[in-house]
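K.L.:
just a sequence and a predicted model for now, questions to come.
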Amino acid sequence: ELKVEQNPLFLSMQEGKNYTIYCNYSTTSDRLYWYRQDPGKSLESLFVLLSNGAVKQEGRLMASLDTKARLSTLHITAAVHDLSATYFCAVTVDSNYQLIWGAGTKLIIKP
Amino acid sequence: ETGVTQSPTHLIKTRGQQVTLRCSSQSGHNTVSWYQQALGQGPQFIFQYYREEENGRGNFPPRFSGLQFPNYSSELNVNALELDDSALYLCASSLPLGLGTEAFFGQGTRLTVV
């Protein structure tokens, strides 16, 4: 059974600091997704990582994938308050249908 | 905006009742997946429809059922509602994920069972 673990589950940080969220998964999967969710809202797609060594960046967020280590990271650079949200990683099973999700990392960025 | 719309946005039902949730997929997408998200947790896969056929199912009982229509919109039906069914129900529209595409989510339906 594929399991996805994120850590930390909760992170409170100051504006301007850097931090990394980790996503580990238990079996082979070469498609990893990062989503953002604001309180009471739906899920917003951030990144799709399709191959080993893939790195994608958007603004202050950068995601990477190491399929051999079964690890993805989401790095936040010089955090700003607007990045406060819950971040989820998810991987596919059989590449065709269901996304298996981590529990989410709740990120609070204090001014 | 993702172009994926769900209705209703909020719903209150009594235990034992039945409910139907609706989802309109994004133009050009032929795959709709449904997820249940309990408060403070990650989404759980319910099932997926591809070209009007069920294409995978998660660990949910048969009282969770669905349909996909020729225009690729979809319904989620839940019979004999239980208190634990209270959650945010999300539908995701995509092309088959094996193509490396991403899934776009609707705003969700918040179901409360009392």
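P.N.:
Arrived safely, thanks for sending. In this text the structure is predicted, and so the values were computed from the model without any measurement.

K.L.:
ok, what's across the strand from residue 37?
P.N.:
Reading this off chain A. Applying DSSP bridges to residue A:37 yields these beta-bridge partners: residue A:43, residue A:86.

K.L.:
could you do chain B instead?
P.N.:
Beta-bridge partners for residue B:37, by DSSP bridges, are residue B:88.

K.L.:
repeat for residue A:107
P.N.:
With DSSP bridges as the rule, residue A:107 is bridged to residue A:11, residue A:85.

K.L.:
pretty sure it is touching residue A:81, no?
P.N.:
No: using C-beta atoms under 8 Å, residue A:107 makes no contact with residue A:81, being 10.6 Å away. Heads up, the C-betas are built off the backbone N, CA and C, glycines and all.

K.L.:
the more surrounded of those two?
P.N.:
For residue A:107 versus residue A:81, the count of surrounding residues by other C-beta atoms under 10 Å in any protein chain shown is larger for residue A:107: 21 against 10.

K.L.:
show me what contacts residue B:106?
P.N.:
Residue B:106 makes contacts with A:42, B:2, B:4, B:5, B:6, B:23, B:24, B:90, B:91, B:92, B:93, as judged by C-beta atoms under 8 Å, 6 or more residues apart in numbering or on different chains.

K.L.:
against residue B:23, how distant is it?
P.N.:
Residue B:106 sits 6 Å away from residue B:23, going by C-beta to C-beta, to the nearest Å.

K.L.:
please apply the same query to residue B:68.
P.N.:
Distance of residue B:68 to residue B:23, computed by C-beta to C-beta: 9 Å.

K.L.:
which one's more surrounded, the two?
P.N.:
With neighbours defined as other C-beta under 10 Å, residue B:68 and residue B:23 compare such that residue B:23 has more, 28 against 22.

K.L.:
number of nearby residues for residue B:58?
P.N.:
The local packing of residue B:58 (other C-beta under 10 Å) involves 18 other residues.

K.L.:
I meant residue A:40, not that one.
P.N.:
Residue A:40, neighbours per other C-beta under 10 Å, totals 9.

K.L.:
next one: residue B:8
P.N.:
By the criterion of other C-beta under 10 Å, residue B:8 has 12 neighbours.

K.L.:
mind listing what the closest residue to it other than its chain neighbours touches?
P.N.:
For residue B:8, ignoring the flanking residues on the chain, the nearest one in space by C-beta to C-beta, 6 or more residues apart in numbering or on different chains is residue B:109 at 6.1 Å. With contact set as C-beta under 8 Å, 6+ apart, residue B:109 has these partners: B:6, B:7, B:8, B:9, B:10, B:11, B:21, B:88, B:89.

K.L.:
before we move on, what about residue B:86?
P.N.:
By C-beta under 8 Å, 6+ apart, the contact list for residue B:86 reads B:38, B:111, B:112, B:113.

K.L.:
the last one and residue B:13: what is the separation?
P.N.:
Residue B:113 sits 5 Å away from residue B:13, going by C-beta to C-beta.
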